[in-house]
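Asker: can you look at this prediction? I've put the sequence above it.
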Amino acid sequence: MVRRGIDEKEGITRRSFLKGAVGAGTAGFLGVATYGTVRSLFSPDRKLQGDVLDTFVYVNPQGAALPIWYAEEGLVNTEARLSQFEVGEGANVVWKAIRDSRGNIIPTGLPGLLIRMDEDTLDFPQGYPRDDFVMSGLFAVFNCCTHACCRPSWKLLSRSAYLKDPGYDNVYCPCHDSQYNPRRLFKYRHPVPPDASGAEYLGIYKEPGLGPADRGMPLIPLELEGDKIVGTVKNAGWYQYLDFKRAVISEE
């Protein structure tokens, strides 16, 4: 395995984020996240048995108006691989899915979005190790809109839905029209507790004036296990906001 995405300065080394996390990972990207609150997410009667996967599993989002390339290739409910992505392709995925005792993948967990851009045109800020987040132009977004935790998507709605985005290039949240620029990664800080973690993080750029979200969605640090894309935790505070602010973290 190629280890990436661990920053000793953040005070978190090898942690397993949200072990045993469950939720409606297969629910659509339209509307508010239907997992419910983190409190109900971890109620004992809903906890599933099996191994928590650090990889990303393709899911078939409801409400898509356009064909989904990975669904057409029969990849839904399988683990995403770097070699499967062409430049300009994205996928709605679940991070921390469950593999049960029979080896079946249960696509429930945390919402993610994988996007592959032309690496030469990707704007990356100073102060973060690029190789911890970007692999051949591919990066992972924690797909919880910072306004109301809806789940945006990329290029799955018709162009007419993209307000003030004639190039049809932005990640678009249809709940309240917030848009995020996948060609630019940017430094942000969450609000201070109790509303969120107060953590500084690296995220996908929020387009000013386009929707009510006030900051970008966090990235998920990456590593490779063969060809499989693996998500790691740099700082768990990056993902503790809105419905996820009571997130539980356990040591490995």
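Answerer: That came through, no problem.
Asker: make sure Q84 is actually in contact with G74.
Answerer: No: with contact defined as C-beta atoms under 8 Å, Q84 and G74 do not form a contacting pair (11.3 Å). In this view, the C-beta of every residue, glycine as well, is placed from N, C-alpha and C.
Asker: and those two? Which one has more around it.
Answerer: Remark: of Q84 and G74, Q84 carries more neighbours, 20 against 9, as counted by other C-beta atoms under 10 Å.
Asker: per-residue pLDDT of that one, please?
Answerer: pLDDT, Q84: 98.
Asker: please apply the same query to N77.
Answerer: pLDDT recorded at N77 is 95.
Asker: hang on, isn't it packed against V59?
Answerer: Yes: contact criterion C-beta under 8 Å: N77 and V59 qualify, at 7.5 Å.
Asker: what do these two both touch?
Answerer: Common neighbours of N77 and V59 (criterion: C-beta atoms under 8 Å, 6 or more residues apart in numbering): P107.
Asker: neighbour count for the two, which is higher?
Answerer: Set N77 next to V59 and count neighbours by other C-beta under 10 Å: V59 wins out with 26 against 16.
Asker: where are the low-confidence patches of the protein?
Answerer: In the predicted model of the chain, residues 1-48, 158-168, 245-252 satisfy pLDDT under 70.
Asker: would you mind writing the CA trace of the longest strand belonging to it as PDB?
Answerer: Counting by DSSP state E, the longest strand found in the chain is strand 179-189. Only the C-alpha atoms of strand 179-189 are listed here, as PDB (Å, rounded to 0.1, in the frame of the first residue of the first chain):
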ATOM      1  CA  GLN A 179     -21.900  25.700  -6.500                       C
ATOM      2  CA  TYR A 180     -18.400  24.500  -6.000                       C
ATOM      3  CA  ASN A 181     -15.500  24.800  -8.400                       C
ATOM      4  CA  PRO A 182     -13.700  21.500  -8.900                       C
ATOM      5  CA  ARG A 183     -10.800  23.100 -10.800                       C
ATOM      6  CA  ARG A 184      -9.700  24.900  -7.600                       C
ATOM      7  CA  LEU A 185      -8.800  23.600  -4.100                       C
ATOM      8  CA  PHE A 186      -8.700  26.100  -1.300                       C
ATOM      9  CA  LYS A 187      -8.000  26.600   2.400                       C
ATOM     10  CA  TYR A 188     -11.000  27.100   4.700                       C
ATOM     11  CA  ARG A 189     -11.900  27.100   8.400                       C
END
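Asker: could you check how far that strand is from the centre of its chain?
Answerer: Chain-centre distance of strand 179-189: 13 Å, with C-alpha atoms, centre = their mean, to the nearest Å.
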